[in-house]
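Participant: I'll drop the sequence and a predicted model, then ask my questions.
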Amino acid sequence: MSQLARALLLSLVLLALFAGLAAASQWWWRGQAVVLRTEQATATRTLLAQVLALAPRDPAAWDESYALQLGELLGGTVTLSREPPGGSVEPSARDWHEVILAHPASENWWLRARVRSSALARLQVTQQRVFAVIIAGGLIVVAMPFGLLALTTRSAALSAAAPQQQQRRADAFSVEQIARLTAERGAALTAAHSARERAEEDLAASRALLARSLEKRIQLGRELHDNVSQTLYAVCLTLESSRKKLTAPPLALARFDHCVGELRRLNQQVRLYLRELEPLAAQQESLVTGLAQMLATLDGAGEGRLVKKIDAAALGLIPPESSLEIINLVREAVSNAVRHGQASQITVHAAHDAGCVILAITDNGVGFQPMTLSNEGHGLANMQARAAALGAQLQIESTPDNGTRVILTLPVASQV
């Protein structure tokens with residue numbers, strides 16, 4: 001049996017139950033009305049008889065005024081007739097009751113009293129209200145199975161639609177997540193593009209600064225060549241020609257020759273600086289050759305304090321335009337170890353590791369405290385500036401009495 005049939009059967013059973021209840025209540029109320037009407041009629045008859053006994057009047061002397069007074073005493077109407085009255089109370093006046101009584105003074109006259117009963121009126125109102133309550137309760141109870149059926153059907157429909165709603169929510173969440181990820185990736189790409197543009201701008205600025213620096217180097221080299229070097233050469237020639245004509249004690253002549261030799265050495269040093277200032281010179285020869293010549297110049301006394309552990313293949317990975325900066329940086333580090341560190345051994349090491357070329361200059365000198373170093377010198381600042389220009393990282397490690405280590409890490413393109 002389907003749920004609809006069950007609900008209909010239950011409704012019919014409940015309807016029959018409430019119909020029987022309504023019929024039973026009507027029957028009971030009707031019986032109560034009959035009993036109450038009988039009691040009220042008896043009371044009215046007794047009251048009418050007592051009034052006629054207290055104020056008797058001959059039927060011949062009966063008038064309208066007397067009838068009204070009797071009606072007011074009884075709460076209704078009283079009529080006098082020769083024949084026994086017939087008929088009954090109208091259906092629209094069920095809260096009325098009537099009494100037919102023979103006149104005490106004459107048996108040929110009859111009295112008919114019709115009295116409205118408040119008790120019957122209240123009973124009728126109560127009966128109507130109870131009947132309305134029974135009918136309304138019956139309709140509600142009869143409708144309950146259909147309401148329960150509707151709720152059950154709706155719950156089943158919602159249960160069946162729940163997976164679809166969950167799927168739609170999941171799809172909506174997936175779309176929202178995809179939109180969010182797309183927005184995040186778009187923002188990341190925009191940021192990367194902006195960073196790339198800034199990097200290109202920085203690179204263009206660095207190239208402009210490098211070009212300006214090269215121009216200044218060339219100009220400085222020309223000034224040194226045309227002024228200092230030529231002047232030193234001319235002074236040397238003048239002193240050598242004067243030496244031939246000079247007559248002096250041997251000690252004075254020895255000191256004179258020593259000064260001339262120092263001037264020649266100074267002129268040679270200036271020429272070395274001129275050669276290093278020329279960018280084309282550093283580009284025409286390899287970094288390995290240029291670094292070896294520079295280290296040979298610093299170790300010209302032949303004391304053997306320089307130890308070279310240089311991987312030529314690693315230096316070959318460095319672009320040629322970076323050679324001059326690296327040579328000057330290594331010269332500064334070795335010169336500091338000799339002049340300030342008073343080192344007896346200096347090791348220059350070059351190797352390649354994980355996409356980087358590492359240059360390390362280690363000495364066994366007196367060392368220093370980097371945090372308390374005086375700001376009067378420019379050597380360390382120049383080294384940091386050169387490393388920044390190369391896009392490299394420079395690290396200086398030193399402690400008093402434990403020597404110094406300068407480490408340059410330069411990223412290079414991998415070569416397969």
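Facilitator: Structure received.

Participant: From now on I want contacts and neighbour counts done on CA atoms only, so please keep to that.
Facilitator: OK.

Participant: can you list the residues that contact the strand or helix carrying residue 231?
Facilitator: For residue 231, the enclosing helix or strand under DSSP states H and E is helix 230-245. With contacts defined as Cα atoms under 8 Å, 6 or more residues apart in numbering, helix 230-245 is touched by 260, 263, 264, 267.

Participant: how about 10 Å then?
Facilitator: 224-225, 228-229, 246, 253, 256-257, 259-264, 266-268, 270 (Cα atoms under 10 Å, 6 or more residues apart in numbering).

Participant: same question, stretch 117-134
Facilitator: 18-19, 21-23, 25-26, 28-30, 32-34, 36-37, 40-41, 75-76, 93-97, 135-140.

Participant: Derive a PyMOL selection command for the buried subset of those.
Facilitator: Buried residues among the contacts of stretch 117-134 (16 or more other Cα atoms under 10 Å), as a PyMOL selection:
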select buried, resi 18+21+22+25+26+29+33+36+37+40+41+76+95+96+97+135+138
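
Participant: residue boundaries of the helices in the stretch 151-300 of the chain?
Facilitator: 230-245, 250-277, 279-284, 287-298 (DSSP state H, counting those that start in this stretch).

Participant: Including mean pLDDT, mean neighbour count and distance to residue 102, could the ones you listed go into JSON lines?
Facilitator: Output for those, formatted as JSON lines (pLDDT from 0 to 100; neighbours: other Cα atoms under 10 Å; distance: least, Cα to Cα, whole Å):
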{"stretch": "helix 230-245", "mean pLDDT": "77", "mean neighbour count": "13", "distance to residue 102": "175"}
{"stretch": "helix 250-277", "mean pLDDT": "78", "mean neighbour count": "15", "distance to residue 102": "161"}
{"stretch": "helix 279-284", "mean pLDDT": "48", "mean neighbour count": "15", "distance to residue 102": "158"}
{"stretch": "helix 287-298", "mean pLDDT": "82", "mean neighbour count": "16", "distance to residue 102": "157"}
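
Participant: wait, what's in contact with the residue nearest the centre of the chain?
Facilitator: Nearest to the mean C-alpha position of the chain, counting by Cα atoms, centre = their mean, stands residue 180 at 10.8 Å. If a contact means Cα under 10 Å, 6+ apart, then residue 180 has 174, 186 as its contacts.

Participant: what's the spacing between it and residue 287?
Facilitator: 52 Å (Cα to Cα, to the nearest Å).

Participant: now residue 201
Facilitator: Taken as Cα to Cα, the span from residue 201 to residue 287 is 29 Å.

Participant: try residue 240
Facilitator: 38 Å.

Participant: Check residue 248 too.
Facilitator: 50 Å.

Participant: next one: residue 132
Facilitator: Relative to residue 287, and taking Cα to Cα, residue 132 is found at 115 Å.

Participant: Residue 127 now?
Facilitator: Counting by Cα to Cα, the gap from residue 127 to residue 287 is 123 Å.

Participant: Likewise for residue 253?
Facilitator: From residue 253 to residue 287 the distance is 44 Å (Cα to Cα).

Participant: in what helix or strand does residue 77 lie?
Facilitator: Judged by DSSP H and E, residue 77 forms part of strand 76-81.

Participant: which outside residues touch that strand?
Facilitator: Against strand 76-81 from outside (Cα under 10 Å, 6+ apart): 48, 59, 62-64, 66-72, 85, 96-103, 108-117.
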